[in-house]
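> Build me a model from this:
(2 chains)
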Amino acid sequence: MNTKILVVDDNVEFRTMVALLLSTESIEVVPAETAKECLQIMREGFRGLILMDVHMPDKDGWDIIRMLVEEHLIQGNLICMLTGDLVPGTKGEGLQEYVFNYITKPFNPQTFIQTIRNALSYLPGPPAA
Amino acid sequence: MVNLVLIGASTGGPKVLPELFALLPPLEACILVVQHMPQYINASFISTLGKYAAMPVVLARERSALETRRILVAPSGTHCTIDSAHRIRLTIDPEVNYVRPAVDVTMQSVRRATERQIIAGVVLTGMGVDGAAGLRHLKGLGGITFAQDQASSAVFGMPAAAIKMGVADYVLNPPQIAHELARLLAA
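Next up is the predicted model:
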């Protein structure tokens, strides 16, 4: 399996830990530290599973998802929130369709891997030629 | 007359639904699933659920018949209702609870066919409050209502809203919900 997952989180230690964990599943992490970096990676064509933190320095995760929708970059992606917030709050309203799952930190590594595998199983395949 | 099980889910639903369906035997009922999801995963959603379910899983279409031992999934982008002839109707009316399809719209379209018809409503994990008003409607028809418990919910918003409204007969985890549905409706 040659799978890449975009991890949007401003905490480098956390991104490194997630990358290490996912490497055991042969999954490569594409890191993004800010909303700006995330949008750049998406504009360059990344499509797949996105793990999205909520609290980041420039924009929060909910704002980033709205920007992806507005820029028509959401198509073909699945988003799992990966956050310390135990509940989404009202900023997630209207984004239900796009937020596939919600993982809270800290997490159980085994459950996390199962959740990632589950999400990857729903990713749409490449468009027919 | 077909017994009905209406299941509403949002964030976290695609992880829970396979777990629930893997434990469900064929039911003497038509199951209608409303999952908030983007249109581009409708096909993979049907395909993934089909690997776990003991009943065929198909995308609901305009005028699809409600057939027993069958799982229909509401397509993204349209509300999915049941008409007086017990057929699916798809409409592009405005979003309800920020979503379309809305669980509330589907559940509130249900009319009891006969006194003996069994109707069950299930609200699973998800952001927001969609499904609570729908469960209230089903309960008013004499239906049996379930809300997923907090411990097993990725997001407790939707089940919590139903519980707060006092319209959930049972608050259970997915294996327990499967067990109760099987007890009520196993073929």
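> mind listing the strands in chain B by residue range?
Counting by DSSP state E, chain B has strands at residues B:4-9, B:30-35, B:57-59, B:70-73, B:79-82, B:88-91, B:119-123, B:144-148, B:170-172.
> Make CSV from the ones you listed and add mean pLDDT and mean neighbour count to it.
C-beta coordinates here come from the backbone N, C-alpha and C atoms, glycine included. Listed next are these as CSV, based on pLDDT from 0 to 100; neighbours: other C-beta atoms under 10 Å in any protein chain shown:
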stretch, mean pLDDT, mean neighbour count
strand B:4-9, 98, 28
strand B:30-35, 98, 26
strand B:57-59, 98, 17
strand B:70-73, 98, 23
strand B:79-82, 98, 23
strand B:88-91, 98, 18
strand B:119-123, 98, 28
strand B:144-148, 98, 26
strand B:170-172, 98, 17
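> closest one to A:Leu123 among those strands?
strand B:30-35 (15.7 Å; C-beta to C-beta).
> Tell me the strands beside the closest one, with direction?
strand B:4-9 (parallel), strand B:70-73 (parallel) (DSSP bridges).
> can I get the ones you listed in CSV with distance to B:Val33?
CSV is the format used below for those (distance: least, C-beta to C-beta, whole Å):
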stretch, distance to B:Val33
strand B:4-9, 5
strand B:70-73, 5
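> For A:Gln75, which of those strands is the nearest?
Proximity to A:Gln75 (C-beta to C-beta) singles out strand B:70-73 among the strands paired with strand B:30-35, at 19.9 Å.
> how about low-confidence regions in chain A?
Scanning chain A with the threshold set as pLDDT under 70 gives A:1-2, A:125-129.
> Which positions in it make contact with chain B?
Residues of chain A found near chain B (C-beta under 8 Å from any C-beta of the partner chain) are A:74-76, A:78, A:81, A:87-88, A:92-103, A:115, A:118-119, A:121-125.
> Write the PyMOL selection for whichever of those are buried.
In PyMOL syntax, the buried subset of those is picked out as below (16 or more other C-beta atoms under 10 Å in any protein chain shown):
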select buried, chain A and resi 74+76+78+81+88+92+93+94+95+96+97+98+99+100+101+102+103+115+118+119+122+123+124
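> Among the residues of chain A next to chain B, name the ones in strands.
Using DSSP E, those in strands are A:Leu78, A:Met81, A:Val99, A:Phe100, A:Asn101, A:Tyr102, A:Ile103.
> which residue sits closest to the first one, ignoring its sequence neighbours?
What that stands for is A:Leu78. For A:Leu78, ignoring the flanking residues on the chain, the nearest one in space by C-beta to C-beta, 6 or more residues apart in numbering or on different chains is A:Phe100 at 4.5 Å.
> Test my guess that that neighbour contacts A:Ser121.
No: taking contacts as C-beta atoms under 8 Å, A:Phe100 lies outside contact range of A:Ser121: 11.2 Å.
> and the gap between the residue of chain B most remote from its centre and B:Asp83?
In chain B, B:Glu115 marks the outermost C-alpha relative to the chain mean, sitting 21.0 Å out by C-alpha atoms, centre = their mean. Using C-beta to C-beta, to the nearest Å, we find B:Glu115 at a distance of 20 Å from B:Asp83.
> residues from chain B in reach of chain A?
Residues of chain B lying near chain A by C-beta under 8 Å from any C-beta: B:10-12, B:14-15, B:18, B:36-38, B:40-41, B:43-45, B:48, B:76, B:98-99, B:126-128, B:130, B:154-157.
> Just the buried residues from the residues you listed, in ChimeraX please.
For the buried members of the residues of chain B next to chain A, the matching ChimeraX selection, counting by 16+ other C-beta under 10 Å, is:
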select /B:10,11,12,14,15,18,36,37,38,40,41,44,45,48,76,98,99,126,127,128,130,154,155,156,157
